[in-house]
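Novice: This is the structure alone, sequence omitted:
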């Protein structure tokens, strides 16, 4: 009974956990709830690791498929099954490992929360859905997972349903995701109608067998591949919060912090990137759409970064940072560096989760306070949190040696060398965003942990370091933030230092990226000097960002923000109000729909339908009234009607 | 004046003369016969054996004062007695009193209207008699006469049925509705009262009822309704009612004689040996004699049977006479078809 | 001669008809109905069916109208009050309606028949025998049905007009 | 001069019109009934006229049956009047509104 046979347990265990917690247990059985809530995902992690080991030992690099049952029969036959190949292996490791530690952290964080059982049920359900998403062997199972995580994000964002804002934020997230899913579905329909299958393996073979099919015009003036790529990307933007549909992620911070960490940093938001990389075959056949992906990614990155600087809520800053980093990943995917996108996804999962959990323990310590202007000098009170937070900040900023540096540098390098039009421009934007990232992250660290405490006296008194159950996952993730960088050091960097190319992750993921004859993206090898220059540029960006932040916020604390606001009030206000994107959407989309609904209600429903009904009723009443008039009961009248009838008959007969 | 009209006028004249004589004779007979039955003398002061009593009464009627009751409906009050005469003066048109004869070189049948729907004419005209009673009772604006007229109309309608059915029985063997054929039939064969005794009996009773003669004279039952429908009528108008009643009695008995007693014929007498005119007169006198017997019978019955109660009258009319008449109809029809008659 | 007879009977019929409709006293209108019926009987004779004429007199005037008189006397129907307010409107409408009807029918008849002469009366046409044969051959079934109809009418009439038995007395409003 | 049949028809139409007028205007039930009998009579006249015109005896047959029906109708009608009278003590149809709940 090899681990691979038990592979279906990986998604099943968390789902079972959700069922047990949600349906069977009661709030009072807290220890049991914790055992189930954390235990089952942990077990799922072990099974996953065992399966990974056995898979890599035996079957690799071929994909291992385990079909559970035939879901639908007939021409559109789909079966439910799981697929383990390089790409899903990486995702599997990231999701289960980070997910498990966040569960451990949640035990501490949500310890004395009333809805503890409900929280763990939702979290397990989310884990199950996410695993379905990444392990599915065809797009339908992926889509089930896709919707599952959407639902869980709605449930978890709206976890504090007593308060006013969380449910609203939940709804907003769900609706925006649904809009994205709409595009995703159209893409799936297009795939199915063209190739008749949604199974990853078969689809890949069919496309490669006859690439010309993909270029046939499909709709909206786009070729089939372009159409599918575009609409799948629309789904990705919805799920991974890119430019048009990113508005829900900042509001999603209304959920508990571990949720933000798990869903809105590590796993769910990366689903879009995973899906794009999974269908890289189609994206390679639609270069113009890849360019669109890249451009959108870059734009989102710079856009979110600028907003991040002006935010004062600790979680909002991290949220915009996530949006920005996701922009990076899509930039990588857009220029064809799929390995770089997945590599950054992995590293980002570690340090962003660590940052979120760190902010969680800060908030926990500050008794729920999230505004960094009321914090300061927490270094002394929360040493472990400060340490892990600092490490992750350095990682995300891109300090060499840490995870962030390697993955971000690879993306910038790939963008610089890509055949994509305006590659240099995208590289520039990416570099500037890197600097900005370093800048706002260090601003966050300096304002929170350095300087003197700006909170209320009672809060200061309350300050205490989080319990071990919370600090342990922080340390694990911090170590992960460091180590995860080393496994995927880009080959370009090895060459730059003349060393033997030991890019382990690159070779590991190579088989996933389909090589289409005639489309070999192929890293054309830049000269060693160029490589070194690129590395130098990204290091410079990081150092400048940190130095700038230090000069502004370390030395002058909050006064820096004030002076900045004085000098450019309008810009400050604009950034603070997040470019008023929400208001824009409200005016463009929500209000017209509301108006349309009102029209439908007032005009069509009331005037036309009710009106018509009333008119009919009125007519019957009138004729009834008329009819009543004739029944006088007077026999002579009746005789008259008789005679009138005769006359009519006569008239009709005669004429 | 074409011979036909002349002949017709002669016939009508003959009948009218006879009918007008009936009333005075009956007046007298009506008083004398019962007297003898009851072993008393009766009127004998006026003329020998009281024969002129008729004329005396007639004169009395003429000079009596015409009383018009107040509130009476003048129009109908005056119309009623006239209507009484209508059936009497018209029903004799269809009664034959002789074979078709040759008078003055012209062959005429000795009946005023020789149509093959003759009997029906008789019956329909007879049925008009009801109106005089009804209107009289209604117009004289008093309860008694109203009750009298309601009874009269009910009685007349009910017994008319029985009468008509028996008349139909009498016609079936002759196979025609023309009375001359009936008489010819009887001249060859037996008289009908022999072949249809039941029919004759029902006809007799119905005839009494039609003319409101005693057993059925509820309409003017003296003991209950003072004088019934003609309570308010005085002199001349009362005389008209009186004459009307007697005439309808005569015509009905003439019909009876024609249907059941061979009409103008006598079994042993062969008419062909006489000349036309003599045949006519002879036939008429035979008919008159027969009618006289019948009238005597009327008077005779009058003073022997008590008056019927109204419900007995109705029961007799509907539950006894009508079924018997229908029975007779069935029997006669069967015998005729069977070839016995 | 026939024209004179027709004119006499026609005028008689019309006059009495108007009296039937016009007169307030029910007995007068009934008697004028009798006159109208007799006039029609006369017309039947002119139209070559003496049997119908006699039947009409015997049946209609002899029995039916007497029944009318009987009921009028039984119910002691008084003089009729002139029509109430709304009635007059109905009177006008009925009047105009009748006139329009007569006009239309007259036009219709005049257009279709005009001066068409009736065929000469034949002895055979007038005889009752022909009618009798027709009655008992082609019209035998209707003859039986009419018998049934009369039975039903008699039963119905007697049931409807019966004096309610004591237990029914209080049920009537 | 024999009389054209259409005259009979015209007469019948006139009688019928008078009958209709009577039926619609008179207030007493009996009067209406009389008018209806008049209308019936007019109808019989038309039938007889057509019988004569077409030389068809069946017209007369229909009149024969019409008479019977008229008799039946009169009987039932009068019975109804008696019943109504017993119920409402009046024959004036304006006051009899049994046909109205």
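Specialist: Right, received. Where do you want to start? This is a predicted model, so every value here is computed, not measured.

Novice: now residue C:140: how far from chain B?
Specialist: 16 Å (Cβ to the nearest Cβ, to the nearest Å). Where you see a C-beta, it was placed from the backbone N, CA and C, and this is true even at glycine.

Novice: Pretty sure residue B:39 sits in a helix.
Specialist: No - secondary structure assignment (DSSP: H, G, I helix; E, B strand; the rest coil) places residue B:39 in coil, not in a helix.

Novice: By proximity to chain A, which residue of chain B wins?
Specialist: Going by Cβ to the nearest Cβ, chain A is nearest to residue B:138 of chain B, at 26.2 Å.

Novice: just how off-centre is the helix or strand hosting that residue within its chain?
Specialist: Assigned by DSSP states H and E, residue B:138 belongs to helix B:129-139. Using Cα atoms, centre = their mean, to the nearest Å, the mean C-alpha position of helix B:129-139 is found 18 Å from that of the whole chain.

Novice: Report pLDDT for residue C:172.
Specialist: If you check residue C:172, the pLDDT there is 51.

Novice: if we can go back for a sec, how about the helix holding residue B:138 and chain C, touching?
Specialist: Yes - Helix B:129-139 reaches chain C (Cβ under 8 Å from any Cβ of the partner chain) through B:130-131, B:134-135, B:137-139.

Novice: give the contact list for residue A:636.
Specialist: Neighbouring residues of residue A:636 by Cβ atoms under 8 Å, 6 or more residues apart in numbering or on different chains: C:87, C:90, D:24-25, D:27, D:32, D:93-94.

Novice: Closest to chain A out of those residues?
Specialist: Nearest to chain A among the contacts of residue A:636, with distances taken as Cβ to the nearest Cβ, is residue D:93, at 4.3 Å.

Novice: Do a quick rundown of the helices in chain D.
Specialist: In chain D, the helices defined using DSSP state H lie at D:5-25, D:29-54, D:58-88.

Novice: Can you list the helices and strands that the longest one packs against?
Specialist: So that's helix D:58-88. Judged by 3 or more Cβ pairs under 8 Å, 6 or more residues apart in numbering or on different chains; DSSP states H and E, helix D:58-88 is in contact with helix C:50-55, helix C:65-75, helix C:128-136, helix C:140-160, helix D:29-54.

Novice: Find the helix or strand that residue A:367 is a member of.
Specialist: Going by DSSP H and E, residue A:367 is not part of any helix or strand.

Novice: How much space separates it from residue A:374?
Specialist: As defined by Cβ to Cβ, to the nearest Å, residue A:367 lies at a distance of 11 Å from residue A:374.

Novice: and the two? which has more neighbours close in?
Specialist: Taking other Cβ atoms under 10 Å in any protein chain shown, residue A:367 and residue A:374 do not tie; residue A:374 has more neighbours (15 against 12).

Novice: Contact partners for whichever residue of chain A sits closest to chain B?
Specialist: Using Cβ to the nearest Cβ, residue A:635 is the residue of chain A that sits closest to chain B, at 26.2 Å. Applying Cβ under 8 Å, 6+ apart to residue A:635 gives the contacts D:32, D:93-94, D:96-97, D:99.

Novice: Equivalent analysis for residue A:433, please.
Specialist: Residue A:433 touches A:298, A:301-302, A:305, A:324, A:327-328, counting by Cβ under 8 Å, 6+ apart.

Novice: Which residue, neighbours along the chain excluded, lies closest to it?
Specialist: Among residues not flanking residue A:433 along the chain, residue A:301 sits closest, at 4.4 Å (Cβ to Cβ, 6 or more residues apart in numbering or on different chains).

Novice: Off-centre distance for the host helix or strand of the one you found?
Specialist: Using DSSP H and E, residue A:301 sits within helix A:287-309. In terms of Cα atoms, centre = their mean, the gap separating the centre of helix A:287-309 from the centre of its chain is 15 Å.

Novice: Skip ahead from that helix and say which helix or strand is next.
Specialist: Using DSSP H and E, the helix or strand that directly follows helix A:287-309 along the chain is helix A:314-335.

Novice: Report whether stretch D:33-53 contacts chain A.
Specialist: No - on the criterion Cβ under 8 Å from any Cβ, stretch D:33-53 is out of touch with chain A, staying 9.4 Å away.

Novice: How about that stretch and chain C, any contact?
Specialist: Yes - on the criterion Cβ under 8 Å from any Cβ, stretch D:33-53 is in touch with chain C at D:33-35, D:37-38, D:41, D:44-45, D:48-49, D:51-53.

Novice: pLDDT at the residue nearest the centre of chain C, what is it?
Specialist: By Cα atoms, centre = their mean, chain C has its centre lying nearest to residue C:37, at 6.6 Å. For residue C:37, the model assigns a pLDDT of 93.

Novice: Helix or strand: which one has it?
Specialist: Short version: residue C:37 belongs to helix C:26-46, going by DSSP H and E.

Novice: Which residue, other than its chain neighbours, is closest to the residue sitting nearest the centre point of chain A?
Specialist: Centroid-nearest residue in chain A: residue A:269, 2.0 Å away (criterion: Cα atoms, centre = their mean). What sits nearest to residue A:269 in space, not counting adjacent residues and going by Cβ to Cβ, 6+ apart, is residue A:240, at 4.9 Å.

Novice: Also residue D:69?
Specialist: residue C:149 (6.8 Å).

Novice: circling back: between all of the residues of helix B:129-139 next to chain C, which two are separated the most?
Specialist: The span of these, defined through Cβ to Cβ, is set by B:130 and B:139 at 14.5 Å.

Novice: what are the ranges of the strands in the chain?
Specialist: Since no chain was named, I'll use chain A. A:64-72, A:78-84, A:217-219, A:222-223 (DSSP state E).

Novice: actually it's chain B I care about, not the one you picked
Specialist: B:101-103, B:106-108.
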